[in-house]
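Asker: mind folding the following:
(one chain, ligands or ions: 1)
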Amino acid sequence: MNVMLKPVRPNLDEPQAIGQGLSDEEVTIRRKKEGFNELQEEKRKGAGAVFIDQFKDFLVIILNIAAVISAFLGEVESSIVILTVVLLNAALGTVQHVKAEKSLSSLKALAAPTATVWRNGQVVQVPSREVVTGDTLVINAGDYICADARILESHSLQVNESSLTGESLPAEKNEKFISADDIALGDRKDMVFSGSFVTGGRGKAVVTAIGMDTEIGKIADLLEHAKEKSTPLQERLDQFGKVLAIGITVICLIVFGLDVVRGRELTDSFMFAVSLAVAAIPEALGSIVTIVLAFGTQKMAKENAIIRKLHAVETLGNISVICSDKTGTLTQNKMTVQKFYADGKVFGHDQLQPGNQHHEKLLRMGLLCNDAMTAGGQEIGDPTEIALVNIGKQYGLDELAERERNQRIGEIPFDSRRKFMSTIHRIGHKQVMITKGAMDVLIPRISSIETASGIRTLTLQQIESIRQAGHAFADGGLRVLALAYKEIVPTIPGMAQEEGLTFLGLIAMMDPPREETEQAVADCVRAGIRPVMITGDHKITAIAIAGQIGILTDPSEAVEGKDIEKLADEELRNRIEQFSVYARVSPEHKIRIVRAWQEKGNVVAMTGDGVNDAPALKQADIGVAMGMAGTEVAKDASSMVLTDDHFSTIVKAVSNGRSMYHNIKNAIQFLLSGNAGAIFVVIYASLLALPVPFLPAHLLFINLLTDSLPAIAIGLEPHSKKVMKEKPRDKDEGLFSKRDIGQITLEGLLIAAVTIIAFRYGLSAENPAVATTMAFATLCLARLLHGFNCRSKESIFRIGLFSNIACWIAFLIGVILLNLVLTFGLFNAAALDKEQLSIIYGLAFVPFVIIQTGKLIFVKS
Ligand code: ATP
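Answerer: Numbers count the residues shown, from 1 in each chain. This next block holds a predicted model:
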């Protein structure tokens with residue numbers, strides 16, 4: 001799609017637009033005029049629409065029909081109660097929905113995109129929505145462009161504009177190109193557009209349009225709005241709801257038909273059918289899952305893992321392989337220079353000789369071929385480069401002064417595929433190219449070597465001793481950089497190639513593992529998860545670090561990117577499980593690694609930070625982006641963002657994901673077993689031609705009020721460390737196993753049994769309302785107590801009676817509500833005497849006691 005447009009020329013006469021950025025006052029004035037830099041989102045559903053949506057639920061429709069027919073049959077009171085409860089349910093559902101949505105969008109805001117701009121003479125990061133026209137954007141590889149902007153400065157700047165032009169190849173951008181009016185968007189090389197992202201290089205640009213005025217704003221309607229899909233669990237529950245609805249209708253019809261044939265009064269038969277429907281429908285189920293997910297994701301955000309896609313919460317529990325970057329995730333990303341190698345000798349970081357020209361050159365060139373700064377106590381830039389700035393400072397060299405004196409006139413930025421970078425400087429009257437990067441990629445580009453006695457042609461022996469020194473550094477877990485340079489004669493064409501360089505020296509730096517990494521790796525292994533290291537670093541360095549933290553036990557478990565290239569997909573798949581460390585890997589290899597693990601039946605989490613990582617992050621079952629070091633593009637492609645970039649945070653998130661799944665499952669089990677109890681009682685009464693045991697209102701009261709609270713409390717059960725001793729959940733495993741269904745049925749039968757006993761006892765009294773009231777109260781209490789049973793597979797006496805206070809609160813509120821109903825005779829409740837009341841309480845405890853005893857005997861802790 002090519003969009004024709006009139007170019008918007010920035011007013012480049014504005015001094016602040018090009019120089020040191022806008023002042024805060026200017027930004028405020030412009031913001032007032034222009035508003036925020038955001039696209040008008042599709043309108044979110046209002047509370048009214050959500051409320052109406054609640055009535056579209058098939059199960060609610062059944063209830064409404066029941067209410068209408070009850071009214072026709074003269075059971076006005078029942079229909080009023082049903083309608084009230086349905087309305088109440090819809091109101092609750094709406095509140096929960098709106099709340100959950102709010103909490104999700106607040107999570108998203110935590111991972112909102114940012115932009116780097118000049119403001120008040122300083123480079124700062126601001127949320128993208130706060131960018132105004134006239135701001136000077138600083139753009140780097142991996143950034144999302146958040147506004148339309150005119151290029152002021154560019155260095156190999158390449159931008160992917162596929163969201164605007166459909167062109168998937170990156171476009172080169174350059175300030176020197178001045179586009180004519182009415183030129184196709186894809187050809188406007190002097191502009192970058194909102195919605196595109198930087199695939200390589202860097203530059204500066206002045207913002208010309210924001211928000212709806214940008215090119216993408218003009219076509220915003222054409223954009224796909226990414227909608228939050230239901231999670232697999234929610235989908236499964238929806239499916240389950242549908243099957244349940246059909247099942248209920250069929251059973252109700254059968255019970256109704258049977259009763260009519262048997263000659264029961266029509267009204268009575270109908271009330272049976274309605275009770276059954278009400279008993280079986282787990283009204284609160286959907287909202288409980290939403291609430292638990294919302295609470296859980298908030299908790300995870302506090303623990304530095306931001307869930308961007310809700311389905312990730314469930315998938316976390318299935319993770320069987322975590323592919324993690326080394327630098328910054330497993331290690332501290334605090335590099336310090338430890339050793340040097342120059343002129344055939346190894347030096348400690350404090351052993352360089354002042355006054356030695358060779359040594360000084362090594363330090364100076366390390367500062368020049370470098371974009372990091374440590375101005376004003378702040379360290380800005382790549383930690384590898386910061387380390388070089390810091391060591392320079394130790395020897396009295398200031399990076400800014402050096403760069404001022406030796407102006408940079410050209411550069412080829414660092415690229416994780418090439419693994420090296422070059423800059424060209426004017427040093428005195430000469431032009432000098434400085435190249436720094438991985439030793440193995442630089443050595444083939446070197447033809448001479450700097451020695452104490454001048455520059456000499458490189459011998460094979462010297463190459464060998466450079467290699468040996470580098471490997472010895474790497475063996476100690478150090479990252480090795482090689483530095484080389486050459487003089488360029490501008491009049492000779494082709495001189496600016498990175499070849500025929502003069503070797504200056506090696507610099508080795510340390511990046512120790514994070515303190516918590518070793519423990520997190522051990523936790524992973526215990527939880528049946530295979531931790532795997534992926535790094536661009538040298539194989540020997542990677543083996544050393546991986547060995548320290550327990551990812552690798554034998555060097556044969558390490559493989560290099562270039563070896564992976566030699567393997568066909570099938571071979572890679574067959575051998576993938578042998579490897580725990582993948583070194584010298586380019587982003588392209590990452591996607592093959594993920595696929596191979598997946599094809600072996602694993603559920604894979606993969607970390608990433610660069611633009612090139614995006615495809616692998618998407619391919620992984622859970623893409624994990626780095627919140628601090630990660631690019632916007634990587635964050636966008638991932639389903640989870642780590643705000644602290646730690647590996648241990650992923651492991652914690654897995655533990656949280658597993659616990660949340662357990663808790664949701666327990667809450668559902670609680671609701672279903674309680675409902676099963678009620679169904680069994682109604683069917684029993686119908687088969688034995690007894691009177692209706694419950695009024696629909698009774699069951700609605702239980703399902704919506706006294707059952708909802710314990711269900712939520714179960715969903716909030718504190719996370720048990722034991723979840724990390726289990727194997728990962730099989731991804732094809734259904735929500736409930738046959739054993740679970742057996743357990744639900746058994747628990748339902750126990751609850752039904754005591755309710756039936758109470759009911760039959762009540763029937764012996766004169767007043768039929770006493771029987772109904774006793775059945776209702778026993779069912780309600782037994783289910784409230786059952787809430788404690790469903791907290792865990794283990795007995796509550798083992799996991800701690802008071803370790804989930806929410807469960808107690810839910811229980812007590814339920815008991816109070818029940819007593820209010822009994823005391824005030826609501827829902828036709830009859831007044832009960834002391835004996836009847838003690839029978840109710842006594843019976844209600846029986847299932848609880850049996851189930852807890854069973855757990856104490858049969859469930860091993
Ligand atoms: P990961 O983050 O994937 O664990 P990494 O950070 O070690 O890996 P890269 O940043 O791709 O991987 O670095 C790969 C190699 O490139 C390093 O081993 C180093 O030799 C070299 N290198 C890294 N940063 C720079 C830089 N700023 N300038 C020059 N060379 C660099």
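
Asker: ok, which stretches of the stretch 501-650 of the chain are strands?
Answerer: 501-510, 530-534, 558-560, 581-583, 604-608, 622-626, 640-642 (DSSP state E, counting those that start in this stretch).

Asker: report the strands that pair with the last one, each with its relative direction.
Answerer: Note on strand 640-642: by DSSP bridges, its sheet partners are strand 305-307 (antiparallel), strand 622-626 (parallel).

Asker: quick one on the thing from earlier: and the strands of the stretch 501-650 of the chain as TSV, adding mean neighbour count?
Answerer: To be clear about C-beta, it is placed using only N, CA and C from the backbone, and glycine gets the same treatment. Output for the strands of the stretch 501-650 of the chain, formatted as TSV (neighbours: other Cβ atoms under 10 Å):
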stretch	mean neighbour count
strand 501-510	24
strand 530-534	25
strand 558-560	22
strand 581-583	25
strand 604-608	30
strand 622-626	28
strand 640-642	26
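
Asker: ok, which of those comes nearest the ligand?
Answerer: Closest to the ligand of the strands of the stretch 501-650 of the chain is strand 530-534 (Cβ to the nearest ligand atom; 6.0 Å).

Asker: what does the closest one rub up against?
Answerer: 320-326, 330, 521, 524-525, 542, 545-546, 551-552, 577, 579-582, 585, 590, 593, 597, 602, 606-607, 647 (Cβ atoms under 8 Å, 6 or more residues apart in numbering).

Asker: could you identify the buried members of those?
Answerer: 320-326, 330, 521, 524, 542, 545-546, 551-552, 579-582, 585, 590, 593, 597, 602, 606-607, 647 (16 or more other Cβ atoms under 10 Å).

Asker: where does this protein have low pLDDT?
Answerer: 1-19, 40-44, 58-59, 103-112, 166, 168, 179-183, 186, 219-231, 861 (pLDDT under 70).

Asker: adding distance to the ligand, write the strands paired with strand 640-642 out as TSV.
Answerer: Output for the strands paired with strand 640-642, formatted as TSV (distance: least, Cβ to the nearest ligand atom, whole Å):
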stretch	distance to the ligand
strand 305-307	19
strand 622-626	9
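
Asker: for Leu185, find the nearest of these.
Answerer: strand 622-626 (28.8 Å; Cβ to Cβ).

Asker: got the contact list for that closest one?
Answerer: 312, 315-316, 319, 325, 328-329, 603-609, 616-617, 634-635, 637-642, 645, 650.

Asker: identify the residues contacting Val559.
Answerer: 579, 581-583.

Asker: beta partners of it?
Answerer: Tyr582.

Asker: where is the longest helix in this protein?
Answerer: Counting by DSSP state H, the longest helix found in the chain is helix 647-687.

Asker: the residue lying farthest from the centre of the chain and Pro512: what is the separation?
Answerer: Most distant residue from the mean C-alpha position of the chain: Glu766, 61.8 Å away (Cα atoms, centre = their mean). Distance, Glu766 to Pro512, by Cβ to Cβ, to the nearest Å: 82 Å.

Asker: just Thr649 next, same as before
Answerer: 18 Å.

Asker: of those two, which one has the most company?
Answerer: Thr649 (22 against 15; other Cβ atoms under 10 Å).

Asker: list the contacts of that one.
Answerer: Counting by Cβ under 8 Å, 6+ apart, Thr649 has contacts 303-305, 642.

Asker: swap in 6 Å and give it another go.
Answerer: Thr649 makes contacts with 304-305, 642, as judged by Cβ atoms under 6 Å, 6 or more residues apart in numbering.

Asker: same question for Ala596.
Answerer: So Ala596 contacts 572-573, 576 (Cβ under 6 Å, 6+ apart).

Asker: next, His719: phi, psi?
Answerer: phi -70, psi 140 (degrees, to the nearest 10).

Asker: pretty sure it sits against Arg658.
Answerer: No: under the contact definition of Cβ atoms under 6 Å, His719 does not touch Arg658, with a separation of 8.3 Å.

Asker: higher neighbour count, those two?
Answerer: Comparing His719 with Arg658 by other Cβ under 10 Å, the one with more neighbours is Arg658, at 25 against 18.

Asker: from Leu779, how far out is the residue of the chain found nearest the ligand?
Answerer: Proximity of the chain to the ligand (Cβ to the nearest ligand atom) peaks at Gly536, 2.5 Å away. From Gly536 across to Leu779, the span is 63 Å (Cβ to Cβ).

Asker: those two: who's more crowded?
Answerer: More crowded of Gly536 and Leu779, by other Cβ under 10 Å: Leu779, with 31 against 22.

Asker: helices along the stretch 301-450 of the chain, start to end?
Answerer: Using DSSP state H, counting those that start in this stretch, the helices of the stretch 301-450 of the chain run over 311-316, 357-368, 383-394, 399-405, 439-442.

Asker: ok, and which of the contacts of strand 622-626 reach the ligand?
Answerer: The subset of the contacts of strand 622-626 within reach of the ligand, by Cβ under 6 Å from any ligand atom, is Asp325.

Asker: the closest residue to Asp621 other than its chain neighbours - how many residues pack around it?
Answerer: For Asp621, ignoring the flanking residues on the chain, the nearest one in space by Cβ to Cβ, 6 or more residues apart in numbering is Val603 at 4.7 Å. Residues near Val603, counting by other Cβ under 10 Å, number 21.

Asker: also the one 10 residues further on?
Answerer: Residues near Asp613, counting by other Cβ under 10 Å, number 29.

Asker: around the ligand, pick out the residues from the stretch 351-500 of the chain.
Answerer: Going by Cβ under 6 Å from any ligand atom, the residues of the stretch 351-500 of the chain near the ligand are 382, 384-385, 414, 416, 419-421, 436-438, 479, 481.

Asker: among the residues you listed, name the buried ones.
Answerer: 382, 384-385, 414, 419-421, 436-438, 479, 481.

Asker: quick check: the residue farthest from the centre of the chain is in a strand.
Answerer: No: assessed with DSSP: H, G, I helix; E, B strand; the rest coil, Glu766 is coil; it does not lie in a strand.

Asker: for it, list the residues it contacts.
Answerer: Counting by Cβ under 6 Å, 6+ apart, Glu766 has no contacts.

Asker: which bits of this structure sit near the ligand?
Answerer: 325-327, 382, 384-385, 414, 416, 419-421, 436-438, 479, 481, 535-538.
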